[in-house]
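J.: have a look; sequence and predicted model below, questions after that.
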Amino acid sequence: MAARTAPQDRVQALNPLRFARDLNRIRDQLRVPKLSAAIVESGRLVWRNDAATTPFPIASVTKTMSAVLVMQLVEEGRLMLDTNIQRILSHTSDGTPGEEYLYNSAIFDSLTSVVERAGAKPFAEQLIDRIIQPLHMSQTTPATRAANGIISTTADLTKYAVALDGNHLVSAKSKAAMFTSTKSTRGEALPYGLGWFRQTYMNEQVVWHFGQDVDAGSLFLRIPTRKLTLIVLSDSAVISDAARLLNGNVARSPIALAFFKDVVFPNRDPKAFERDELENRALLAFYLGRRDESATIIKEALAKFPEMGSSDDLTLLGLLAQLQLPETEPCATAVLHEHPSLPPAWYYYGLYLLKSRRYREATASFKKITDHEPPWHNWSVTSATEELKQLQ
């Protein structure tokens, strides 16, 4: 994948056939009825399956375009990128502002009125005028709100990917702002920038977003330094939900991991991906109701990679706690050391304590969530409240 390789030669370097095979296998495992996928590299569509013009709701991938609208308005001097807007864009406005990343589409939707006031047009019209029409995305239906609602195709999102590789939509400075990890009030790097997830995988910068709705799942994953993008749209939430992508780790997606293994790092030793593959298999087995299989797989992973048990991996903590494995304790300690107020972490730990019949400690964990001021609006608040009712 050297920069001087001719575009046609790079198609082979990307190894799309191996990825296509793995994608079909994963699709079968996830039981996804319809799925459309494409790979874009250096301004060219280098691979796609046979559903490029099938429209799907892109769900929360809409947020990336909303962020583009905000940055366009900032560049035009119509909007100030103040602390409040940055915290909404970065999902850090829930509870104590700036304290933690907590994915919240309801709060993100408040940007709808901000964009409409600044741009002096309805949100949908601005999407059309500023993104859809200039990029000739003829198969795309705009959203009426900032968090969700666009319907599009991989063919149209290919045009969006190419535009993001250049500076056609926003400046390089604005892209850098969107693609930079937000810092918490404790100075820690969080998994979200401005309208985009941001993480490092095997020393490569990755910016991405998932979408999840009742009958839709999507993934838009970019490697900016390589101008390389994966686009996946489906009619099932499972591609996002099973991987718990709202926690901010795209490597928990088996589709993303296959893309990393087959396309981004095709020459890397397969053993480098083994830990992630085992965790993902365990996560999927649990999601599909195969609890014993999930426990067997994650125990194998812990035996091969004992450091996993003390990693600050929120998704792993949730799996360990629900499987009632003793590694929950060190994992919870690691997560809460990095994020001492994170409500999902306290919920998972409380669940483990509850099932261990450590009722007083479980009650204290759940109250860490329900008694927090200002109050959280995370899903874990409702769950913790229900558990506390049972403990009374």
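T.: Nice, thanks for sending it over.

J.: next, count neighbours for the closest residue to Gln324 other than its chain neighbours.
T.: Spatially, and ignoring its direct neighbours in sequence, Gln324 is nearest to Lys355 (5.2 Å; Cβ to Cβ, 6 or more residues apart in numbering). Glycine gets a C-beta too; all of them are placed from N, C-alpha and C. By the measure other Cβ atoms under 10 Å, the count of residues near Lys355 is 14.

J.: for the stretch 201-350 of the chain, which residues score under the pLDDT cut-off?
T.: By pLDDT under 70, the stretch 201-350 of the chain has no low-scoring segment.

J.: need the strands for it, in chain order.
T.: Counting by DSSP state E, counting those that start in this stretch, the stretch 201-350 of the chain has these strands, from start to end: 204-213, 216-223, 228-234.

J.: just name the most buried of those strands.
T.: When the strands of the stretch 201-350 of the chain are scored by mean count of other Cβ atoms under 10 Å, the highest mean neighbour count falls to strand 228-234 (a mean of 27).

J.: which residues touch that one?
T.: For strand 228-234, contacts defined as Cβ atoms under 8 Å, 6 or more residues apart in numbering pick out 14, 32, 34-42, 54, 56, 58, 152-154, 157-158, 161, 164-165, 216-223, 239, 255-256, 259, 263-264.

J.: give me the buried subset of the residues you listed.
T.: Of all the contacts of strand 228-234 considered here, the ones buried according to neighbour count by 16 or more other Cβ atoms under 10 Å are 14, 32, 35-41, 54, 56, 58, 152-154, 157-158, 161, 164-165, 216-223, 239, 255-256, 259, 263-264.

J.: could you pull out the helices for the stretch 101-250 of the chain?
T.: Under the criterion DSSP state H, counting those that start in this stretch, helices of the stretch 101-250 of the chain are mapped to 105-108, 111-119, 123-127, 154-165, 172-178, 238-241.

J.: before we move on, the earlier item: so can I have a markdown table of the strands of the stretch 201-350 of the chain showing distance to Tyr359?
T.: Formatted as a markdown table, the entries for the strands of the stretch 201-350 of the chain read as follows, by distance: least, Cβ to Cβ, whole Å:
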| stretch | distance to Tyr359 |
| --- | --- |
| strand 204-213 | 34 |
| strand 216-223 | 38 |
| strand 228-234 | 42 |
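
J.: right, I'll call it a day here.
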